[in-house]
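**Q** only geometry, no sequence info:
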Ligand code: IPD
Ligand code: CA
Ligand code: CA
């Protein structure tokens, strides 16, 4: 029997190969909840590859996926949480920042997290209590101490009713941080943070599969992941604040309107 990490890496590689081979091939997309919520044929095909590998090895495990090709159960000892393409809009536009995201949880605690960008061939892996790696090399979060020295990332909510609130935060961080980035893939943004390429990241209106795998990457790389108030991360709350730990309080102050 394969171990969990080996299986997650194999699934990410196989799905990633499909995405790499079909990137910029002029494929079409369909809309889901609105005009900025896309799905392509490859979201579904990548998901099928991952799900069938897991089901073959661990038929008793629960699987929660974005495209819903399988129904999760709530009695299983382990739950896989999968986003076959995090950053579908980037994929559909030929913009090379998207990732396969595979997280494994047991009793709501992360066990393994894998995020793979097949275009850059960057494989981020974390194992609870064991560490985090990029292409086999250990990674750590940055050591930056202040927002003035920080690269901060975010994403914009699909729900336009949330955009004014988000833009107010964007304005505050544009003033306080050294620079801001919007990546288009929450899993990859968190993985970059884990690798020390960014110092802070917040977002609202997310789904569990957008952050399940990558939250463990940040933690295992020495960073902090919470909700926007600094409380325990709830994958189902939609919100996440992740930092190198050192700028966490400064970001909470801005997000809570305590620092004008
Ligand atoms: C999206 C990406 C994006 C985030 C959206 C997500 P998808 O996932 O992670 O960065 O801002 O909220 O839905 O739809 O490409 O899997
Ligand atoms: Ca996603
Ligand atoms: Ca997706």
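**A** Yep, that arrived. Predicted, not measured: the structure shown is a model, and the values here were computed from it. Ligands and ions are numbered 1, 2, ... in the order given.
**Q** Residue 222 - how many residues pack around it?
**A** Residues within reach of residue 222, counting by other C-beta atoms under 10 Å, total 17. Backbone N, C-alpha and C define where each C-beta goes, glycine included.
**Q** part of a strand, is it?
**A** No: judged by DSSP: H, G, I helix; E, B strand; the rest coil, residue 222 forms no part of a strand; its state is coil.
**Q** Wait, residue 172 touches residue 254, no?
**A** Yes: with contact defined as C-beta atoms under 8 Å, residue 172 reaches residue 254; the gap is 4.8 Å.
**Q** any idea how this protein splits into domains?
**A** When the chain is parsed with automatic domain parsing, its domains come out as 4-138, 147-255.
**Q** Which among the ones you listed is found nearest to ligand 3?
**A** Judged by C-beta to the ion, the one of the domains of the chain that comes nearest to ligand 3 is domain 4-138, at 4.4 Å.
**Q** Quick one: end-to-end length of the closest one, please.
**A** 19 Å (C-alpha to C-alpha, to the nearest Å).
**Q** That one vs ligand 1: in contact?
**A** Yes: Domain 4-138 reaches ligand 1 (C-beta under 6 Å from any ligand atom) through 66, 83, 85-89.
**Q** Which ones among these lie within strands?
**A** Counted as lying in strands by DSSP state E, out of the residues of domain 4-138 next to ligand 1, are 83, 85-86.
**Q** which outside residues touch stretch 229-239?
**A** 81, 202-208, 211-212, 215, 225-228, 240-241, 248-249, 252, 255-256 (C-beta atoms under 8 Å, 6 or more residues apart in numbering).
**Q** Just the ones in strands from the residues you listed, please.
**A** 81, 202-203, 225-226, 240-241.
**Q** Now render these as CSV, adding distance to residue 140.
**A** What follows is the ones in strands among the contacts of stretch 229-239, written out as CSV (distance: C-beta to C-beta, whole Å):
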residue, distance to residue 140
81, 25
202, 21
203, 22
225, 15
226, 19
240, 20
241, 19
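**Q** now for these, which pair is the farthest apart?
**A** Between any two of these, the greatest separation by C-beta to C-beta is 20.3 Å, found for 81 and 202.
**Q** Name the next helix or strand following the helix or strand of the chain with the lowest mean pLDDT along the chain.
**A** Every helix and strand in the chain was compared by mean pLDDT, DSSP states H and E; the lowest is strand 29-31, with a mean of 77. As assigned by DSSP states H and E, the chain's next helix or strand after strand 29-31 is strand 38-40.
**Q** Need the nearest residue in space to the residue in the stretch 51-200 of the chain that ligand 2 sits nearest to, chain neighbours excluded.
**A** Per C-beta to the ion, residue 86 is where the stretch 51-200 of the chain lies closest to ligand 2, at 3.9 Å. Distance criterion C-beta to C-beta, 6 or more residues apart in numbering; nearest residue to residue 86, sequence neighbours excluded, is residue 187 at 4.0 Å.
**Q** can you pull out the helices in the stretch 101-250 of the chain?
**A** Along the stretch 101-250 of the chain, the stretches classed as helices by DSSP state H, counting those that start in this stretch are 163-176, 186-194, 208-220, 248-255.
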